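**Q** pasting the sequence and the predicted model now:
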Amino acid sequence: MPASKSLTNRYLILAALASSPSTIHNTLISRDTELMLSALAGFGVGIKRTEQADGSTTVDITPGQLAAGPLAIDCGLAGTVMRFVPPLAAVAGAKVAFDGDAAARVRPMAPVLDALAALGARIDYAGSTGMLPFTIDASELKQDAEVVIDASGSSQFISALLLVGQALPGGLKLRAAPGPIASPDHIAMTVQTLRDLGVEVSVDADARGWSIAPGQLAGFTVTVEPDLSNAGPFLAAALASHGTVRVPFWPARTTQVGGKWVEILAAMGAEVSHGGDGVLTVRGTGVIRGIDYADASELAPTLAALCVLADSPSKLTGIGHLRGHETDRLAALETELSKVGARITATADALEIVPGALQAADIDSYEDHRMATAGALLGLAIDGVRVENIATTAKTMPDFPQLWSRMAATAKGQG
């Protein structure tokens with residue numbers, strides 16, 4: 001599996017803020033991470049890439065005085081760029097114009113921008129308030145870094161502030177506003193990443209508040225874990241095809257939300273084992289059970305597709321924030337999964353899935369990599385499924401079509 005996009009872009013932001021050079025081994029190279037690397041280069045961060053003999057990429061980051069601009073940043077459709085880089089601009093005291101793909105202009109941005117405005121940054125919107133495109137002028141940032149932020153739409157709003165907390169003049173005191181917190185696993189990933197690199201992060205007893213003292217982050221050397229979320233469609237293929245799939249280098253412990261695939265697939269009927277050699281093995285048993293599951297986060301599209309193939313209904317809850325991702329994923333899943341014969345009901349924050357008689361269909365991707373991979377999974381079990389624009393998987397996994405075809409070819413070879 002390619003490296004984790006979530007971890008790669010967190011490490012890149014932190015390396016740009018460090019007091020000395022950093023080395024990131026097994027860096028993911030995809031559209032999202034290329035956009036992040038380009039953004040950091042725009043701030044004057046030194047970037048050197050080295051291709052390794054095993055095909056992985058090592059990136060050496062040389063930090064320095066961040067450029068104050070004016071700069072222009074292309075966010076593409078990368079949530080980590082459009083949410084993580086504006087706080088970096090605040091640390092730099094910079095004036096930066098942000099824009100992205102047409103689909104990015106409807107993704108929520110207001111909470112992180114409102115937080116920066118509370119710290120003294122001026123935000124000028126060229127279109128709708130709280131959306132791209134906008135310009136941030138952080139030349140007169142306040143010293144008092146205590147903010148309350150609405151995290152119901154995305155965990156990235158909180159992670160964005162946490163990643164720069166130690167670089168703010170007074171550190172950071174951050175509190176989640178009343179209401180749900182989207183995808184708390186990703187916030188836990190950010191906190192653990194900071195702690196692993198020596199940043200002291202205090203978390204309130206109710207897990208809704210965070211404090212970071214000001215200080216310097218030393219340069220670091222890390223190796224990025226494989227992307228366990230992107231492993232999901234491959235692992236789920238074992239159930240869909242009644243076969244066996246093995247993924248090497250699966251970590252014994254992880255903060256990635258994709259680590260949940262182990263418990264999910266076992267609950268749905270797979271035999272799952274993690275060997276001492278680091279290989280995770282998933283074997284389909286011929287049974288796919290429905291599941292009630294909460295907070296699947298970015299795993300939901302693939303999980304929903306697998307639920308279509310199950311022998312009983314399923315319900316996925318706590319995923320309302322997916323309406324603000326690359327597309328409104330709940331609406332998209334309701335539309336696309338219904339095409340193959342399932343009865344899908346999308347509510348404010350849940351999907352109810354009742355399997356039916358399967359039929360061929362063309363699955364639209366909505367320029368959303370996880371919709372595309374969900375469609376590919378259906379294609380293993382339903383003859384005649386076609387996925388529109390499979391190339392959109394390049395967002396986080398440029399070689400998905402080749403890896404998927406190679407995996408499917410091994411099944412054909414076995415008859």
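**A** Yes, it's here.
**Q** only alpha carbons, please: show stretch 187-203 as CSV.
**A** Output in CSV follows, covering the C-alpha atoms of stretch 187-203 (Å, rounded to 0.1, in the frame of the first residue of the first chain):
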residue,chain,number,x,y,z
ILE,A,187,-7.8,14.5,16.1
ALA,A,188,-6.3,11.7,18.2
MET,A,189,-3.9,11.0,15.3
THR,A,190,-2.8,14.7,15.3
VAL,A,191,-2.3,14.7,19.1
GLN,A,192,-0.2,11.5,19.0
THR,A,193,1.8,12.7,16.1
LEU,A,194,2.7,15.9,18.0
ARG,A,195,3.5,14.0,21.1
ASP,A,196,5.7,11.6,19.2
LEU,A,197,7.7,14.6,18.0
GLY,A,198,8.1,16.1,21.4
VAL,A,199,5.3,18.6,21.5
GLU,A,200,3.5,18.7,24.9
VAL,A,201,-0.2,18.6,24.3
SER,A,202,-2.7,18.7,27.2
VAL,A,203,-6.1,17.2,26.5
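**Q** mind checking how far that stretch is from the chain centre?
**A** Its chain's average C-alpha position is 17 Å from that of stretch 187-203, according to CA atoms, centre = their mean, to the nearest Å.
**Q** state the mean pLDDT of the helix or strand encompassing Ile61.
**A** Using DSSP states H and E, Ile61 sits in strand 57-62. Strand 57-62 shows a mean pLDDT of 98.
**Q** likewise for stretch 291-310?
**A** On average, stretch 291-310 scores 96.
**Q** same deal with stretch 125-133?
**A** Taken as a whole, stretch 125-133 has a mean pLDDT of 92.
**Q** then stretch 26-37?
**A** Averaged across stretch 26-37, pLDDT comes to 96.
**Q** now the terminal residues of it, how far apart.
**A** The straight-line separation of the ends of stretch 26-37 (CA to CA, to the nearest Å) is 15 Å.
**Q** what's that stretch in contact with?
**A** By CB atoms under 8 Å, 6 or more residues apart in numbering, the surrounding residues in contact with stretch 26-37 are 2-5, 8-9, 11-13, 47, 49, 56-59, 74-78, 80-81, 84-85, 223-225, 227, 394-398. The way it works is simple: take the backbone N, C-alpha and C, and place the C-beta from them, glycine included.
**Q** which of the residues in it are buried?
**A** Asn26, Thr27, Leu28, Ile29, Ser30, Arg31, Asp32, Thr33, Glu34, Leu35, Met36, Leu37 (16 or more other CB atoms under 10 Å).
**Q** quick check: nearest residue in space to the third one, chain neighbours excluded?
**A** Okay, so that is Leu28. Nearest residue to Leu28 in three dimensions, chain neighbours excluded: Ala3, at 3.9 Å (CB to CB, 6 or more residues apart in numbering).
**Q** secondary structure element holding Pro233?
**A** helix 232-240.
**Q** report the distance from the next helix or strand after that helix to the chain centre.
**A** Using DSSP H and E, the helix or strand that follows helix 232-240 in sequence is strand 244-247. Its chain's C-alpha centre and that of strand 244-247 lie 23 Å apart, by CA atoms, centre = their mean.
**Q** and the helix or strand just after strand 244-247, what does it pack onto?
**A** With elements assigned by DSSP H and E, the helix or strand that comes after strand 244-247 is helix 261-267. Packing partners of helix 261-267 (3 or more CB pairs under 8 Å, 6 or more residues apart in numbering; DSSP states H and E): helix 232-240, strand 271-274.
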